[in-house]
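Student: starting from these lines, generate the structure:
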Amino acid sequence: MNAPRVITSIGRIPGLGRVVRWYAGQYREDSVVTIRHGHAAGLLWRRHHRYVHGYWIGHYEHSIQEALKRELKPGHTFFDIGANAGFFTLIGARLVGAGGRCVAFDPSRENCASIQEQIELNSLPGCSVVSEAISDSVGSSFFSFAAPGSPEGRIGKSTTGEQQVPVKVTTLDGACVRFGRPDFIKMDIEGGEVRALKCASNTLLRLRPGWLIELHGPEAEREVKALLWQAHYAFFDLQGVALDPGRVLPTHFLARPGENPKA
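Tutor: Sure, this is the predicted structure:
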């Protein structure tokens with residue numbers, strides 16, 4: 001078992017997990033550490049207590065890290081949609097190299113500030129931060145969240161007493177016009193994936209990037225799968241094993257373009 005998986009397993013042990021989390025919490029706010037594990041190992045990270053400890057330790061979502069390692073190549077353009085604190089943006093920047101480009105999208109001002117800090121700490125000129133949400137329109141909306149830095153924010157007015165702020169929104173097709181053709185897109189936007197793909201016809205049918213998508217609920221699974229299938233995409237798990245499109249997709253999956261649809 002590799003180090004990131006060992007750390008994840010330890011964190012799940014009730015008593016020991018509490019000790020690890022207590023120790024991690026002793027680091028002061030804004031302290032800079034070197035990431036020790038995973039595909040971000042050796043990069044610098046400015047810690048903020050509003051984010052998960054798995055970022056700065058490096059073991060966060062190790063299966064996604066492994067998938068990005070397989071899918072991203074030097075020179076690629078990578079869109080990190082729903083980038084949160086920027087952990088996968090850093091990994092993407094390392095994988096695409098100096099000749100590639102990373103564009104991180106997030107509607108949260110706190111998240112965008114963190115992403116910018118991590119980029120500057122690691123001297124990554126090929127990365128840029130876009131403080132906008134990807135959705136089904138161009139303009140403005142509300143971003144609702146439980147607390148700054150929460151990974152569970154969503155586009156739309158608060159209905160449960162959450163905090164909400166006005167934010168800019170754009171479409172995937174519009175983002176591609178502004179920032180160029182992406183070779184690969186990671187999208188984790190807490191239930192907004194259907195709206196994002198419904199206004200991405202040019203991205204799906206002409207630009208045809210690869211995808212790593214997190215699904216949020218059965219309805220999203222059905223609609224996202226249908227939109228990608230109509231655009232002639234094939235589905236794979238995070239290990240790259242082909243999935244049966246007739247079965248329910250896992251929460252995280254890969255989509256790769258197949259034969260171009262007929263005009």
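Student: residues touching the closest residue to L124 other than its chain neighbours, list them.
Tutor: Distances taken as Cβ to Cβ, 6 or more residues apart in numbering put A93 closest to L124, at 4.7 Å, once the chain neighbours are dropped. The C-beta positions use only the backbone N, C-alpha and C, and glycine is treated the same way. Counting by Cβ atoms under 8 Å, 6 or more residues apart in numbering, A93 touches F78, G100, C102, I119, N122, L124, G126, C127.
Student: from F87, how far off is the fourth one?
Tutor: With distances defined as Cβ to Cβ, to the nearest Å, the gap from I119 to F87 amounts to 12 Å.
Student: of the two, who's got more company?
Tutor: Neighbours were counted for I119 and for F87 using other Cβ atoms under 10 Å; F87 has more, 28 against 21.
Student: mind jotting down where the helices sit in the chain?
Tutor: Secondary structure of the chain (DSSP state H): helices located at 3-11, 14-24, 53-57, 62-71, 87-96, 109-121, 172-179, 193-198, 201-202, 218-230.
Student: any low-confidence regions in the stretch 51-200 of the chain?
Tutor: Residues of the stretch 51-200 of the chain meeting the criterion pLDDT under 70: 144-163.
Student: ok, G58 - contacts?
Tutor: Counted by Cβ under 8 Å, 6+ apart, G58 has contacts P4, I35, R36, H37, G38, A40, A41.
Student: burial of F235, as a residue count?
Tutor: F235 is flanked by 21 other residues according to other Cβ under 10 Å.
Student: name whatever forms a beta bridge with it.
Tutor: Under the criterion DSSP bridges, F235 forms beta bridges with A255.
Student: what about it, distance to I91?
Tutor: According to Cβ to Cβ, F235 stands 23 Å off from I91.
Student: same check on L124?
Tutor: Distance of L124 to I91, computed by Cβ to Cβ: 11 Å.
Student: again, but for P107
Tutor: For P107 relative to I91 (Cβ to Cβ), the value is 21 Å.
Student: and if you look at R181?
Tutor: For R181, the distance to I91 - Cβ to Cβ - is 21 Å.
Student: neighbour count: these two, which is higher?
Tutor: Neighbours per residue, other Cβ under 10 Å: of R181 and I91, the larger number sits with I91, 27 against 13.
Student: who touches the residue nearest to A175 when sequence neighbours are not counted in this structure?
Tutor: Of all residues not flanking A175 in the chain, I134 sits nearest, at 6.5 Å (Cβ to Cβ, 6+ apart). Applying Cβ under 8 Å, 6+ apart to I134 gives the contacts I81, G82, F105, V169, T170, T171, L172, A175, M187, I189, G192, A196.
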